[in-house]
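S.K.: here's my sequence, what's the structure:
(chains A and B)
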Amino acid sequence: MLEQAGFEESELVMETGFNSSPVTKGVLFRAAKPPAAGVWERKPTREAEMQEGEMEYLLKRALDLGAEKAKIIDAETVVVAEWVRWKCQYGCPLFEKDRFHPPFAPDAESTKKVLKEYTKAILLNGPNGQTLSEAALKLEGEAYHRGYYKAFALTALVPSGGAACAPVSSPGAT
Amino acid sequence: MENELTRQDKQRIEESIRGKYLKVAASPEGLFRYPTGRAGLEALGYAPDMLHDLPEPVTAAYCGVGNPFALGPIREADTVLDIGCGAGVDSIIAAKLAGPSGAVTGIDLVPEMLARASENARLAGVDNVTFQESSAEQLPFPDASFDVVISNGVFNLVVDKVKALGEVFRVLKPGGRFMLADQVLAGELSKGTKARVENWAR
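M.R.: Numbers count the residues shown, from 1 in each chain, chains lettered A, B, ... in the order given. Below is the predicted model of the structure:
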């Protein structure tokens, strides 16, 4: 029906869980009116928006939440390598301990595939893994509420005893 | 389906909508199957920074079915139309996001809801939002008037949805965005036109 009206990029984004009757369900839709080149200034694309005010706001929030540094990076620059898994498998006390570590954590191939679904990420840096993880999770929620519904925090390793494996940075993809 | 409805059917539907929302204007509490008021806003994931400075009587009037602001940003200086603004909670949030250089217009069929919306805007201290009585099927605005159109739980009540969506498309600027929270049918329709009309606004 949205396309029938002329909209482009119409999308059923999610169900809200607020159902007004047994035969209806709450949903979120979005759609865009196509730009008319040469008549109106074209609205920035979603990716362009991310490089403007909204992402700047999220960077500022990252610092407010406890990160020492925060930077926007291209998701394609995130390196995913198999050897990291081996290092965890042989010598890391957290191997098989929880879902954040091998063999339960996503493998390299699926991680590469998921990262290809993103264009930008926010790289957080700081000395405290737990603080970074909490910041990344809060930032994920705030990004979601600002329209970046794919936002997903890849958190630092925080369980006790994890110091040997804790990375110093935590990318929160948006 | 809409084509099967007579003019009298449409009038009865509009009367039932006005009747229901006359009560909602006083208080939505207990009139819906889902949480309303601040509990509804929080359950739907409205960002805390959108809610923290809204007075209690404003949040208490909320009865939306989704969070349209989760669908994209309202930018500073945006012009925003809120179709079926009800008590104006989403309009007020949009007005705060658009800032003093932006402008928000809320429309609704029910004068009592519009009065509540105006009072809520006053309580919230926003002066870049206006409210007016209008049907979604015939928007009283020139073409390409708005950067963003939002709506929350209203299109399911509109009789001629194709016409209303055409109006949204018309009043949006090229490149403008439509952010819609609503109800969709997930089961069987009531059998027969009479039952459908009677159940329309329930």
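
S.K.: let's verify the closest residue to B:V126 other than its chain neighbours: helix, strand, or coil?
M.R.: Distances taken as CB to CB, 6 or more residues apart in numbering or on different chains place B:A95 nearest to B:V126, at 4.4 Å, with adjacent residues excluded. Heads up, the C-betas are built off the backbone N, CA and C, glycines and all. Under DSSP: H, G, I helix; E, B strand; the rest coil, B:A95 falls in the helix class.

S.K.: tell me, how many residues neighbour B:A95?
M.R.: Per other CB atoms under 10 Å in any protein chain shown, the neighbour tally for B:A95 reads 27.

S.K.: and the longest helix anywhere in chain A, how far from the chain's centre?
M.R.: Secondary structure of chain A per DSSP state H: the longest helix is helix A:129-145. Offset of helix A:129-145 from its chain centre (CA atoms, centre = their mean, to the nearest Å): 10 Å.

S.K.: so for the helix or strand following it, mean pLDDT?
M.R.: Once the chain leaves helix A:129-145, the next helix or strand it forms, by DSSP states H and E, is strand A:152-153. In this model, strand A:152-153 has a mean pLDDT of 90.

S.K.: what pairs with strand A:152-153, parallel or antiparallel?
M.R.: Paired strands of strand A:152-153, with direction, are strand A:169-173 (antiparallel) (DSSP bridges).

S.K.: on that earlier part again, mean confidence for the longest helix of chain A?
M.R.: Here the average pLDDT along helix A:129-145 is 84.

S.K.: show me what it is packed against.
M.R.: For helix A:129-145, the packing partners by 3 or more CB pairs under 8 Å, 6 or more residues apart in numbering or on different chains; DSSP states H and E come out as helix A:53-64, strand A:120-125, strand A:152-153, strand A:169-173.

S.K.: among those, which is the most enclosed?
M.R.: strand A:169-173 (a mean of 23; mean count of other CB atoms under 10 Å in any protein chain shown).

S.K.: for residue 62, which non-adjacent residue is closest in space?
M.R.: Chain wasn't specified; assuming chain A. Residue nearest to A:A62 in three dimensions, not counting chain neighbours: A:A70, with 3.7 Å by CB to CB, 6+ apart.

S.K.: try again with chain B
M.R.: The shortest distance from B:Y62 to any non-neighbouring residue, by CB to CB, 6+ apart, is to B:V89 (4.5 Å).

S.K.: helix, strand or coil: sort out the residue nearest to A:A62 for me.
M.R.: Per three-state DSSP, A:A70 ends up strand.

S.K.: report the beta-bridge partners for it.
M.R.: A:L124.

S.K.: tell me the buried residues in the top strand by length along chain B?
M.R.: Determined from DSSP state E, the single longest strand within chain B is strand B:172-185. For strand B:172-185, the neighbour count (16 or more other CB atoms under 10 Å in any protein chain shown) marks B:172-183 as buried.

S.K.: so which of the residues you listed are also by chain A?
M.R.: Residues of the buried residues of strand B:172-185 in contact with chain A (CB under 8 Å from any CB of the partner chain): B:172-183.

S.K.: need the max-distance pair from those.
M.R.: Among these, the pair separated by the greatest distance (CB to CB) is B:P174 and B:Q183, at 29.1 Å.

S.K.: tell me the helices and strands packed up against the longest strand of chain B.
M.R.: Where contact means 3+ CB pairs under 8 Å, 6+ apart, strand B:172-185 is packed against strand A:24-32, strand B:146-152.

S.K.: redo the ones you listed as a markdown table? Include mean neighbour count, distance to B:Q8 and mean pLDDT.
M.R.: What follows is the helices and strands packed on strand B:172-185, written out as a markdown table (neighbours: other CB atoms under 10 Å in any protein chain shown; distance: least, CB to CB, whole Å; pLDDT from 0 to 100):
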| stretch | mean neighbour count | distance to B:Q8 | mean pLDDT |
| --- | --- | --- | --- |
| strand A:24-32 | 22 | 25 | 90 |
| strand B:146-152 | 26 | 26 | 97 |
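
S.K.: give me every residue that touches the residue most central in space within chain B.
M.R.: What sits nearest the mean C-alpha location of chain B, by CA atoms, centre = their mean, is B:G84, with 3.0 Å. With contact taken as CB atoms under 8 Å, 6 or more residues apart in numbering or on different chains, B:G84 is in contact with B:107-109, B:136, B:151-155, B:157.

S.K.: hmm, back to that, would you turn the ones next to chain A among the buried residues of strand B:172-185 into CSV with pLDDT?
M.R.: Formatted as CSV, those follow (pLDDT from 0 to 100):
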residue, pLDDT
B:L172, 96
B:K173, 93
B:P174, 91
B:G175, 90
B:G176, 93
B:R177, 95
B:F178, 96
B:M179, 95
B:L180, 95
B:A181, 95
B:D182, 93
B:Q183, 87
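
S.K.: what is the nearest of those residues to B:V129?
M.R.: Checking these against B:V129 by CB to CB gives B:M179 as the nearest, at 16.7 Å.

S.K.: list the contacts for the residue nearest to B:V126?
M.R.: B:80, B:102-104, B:121, B:126, B:128-129.

S.K.: now it: how far from chain A?
M.R.: 17 Å (CB to the nearest CB, to the nearest Å).
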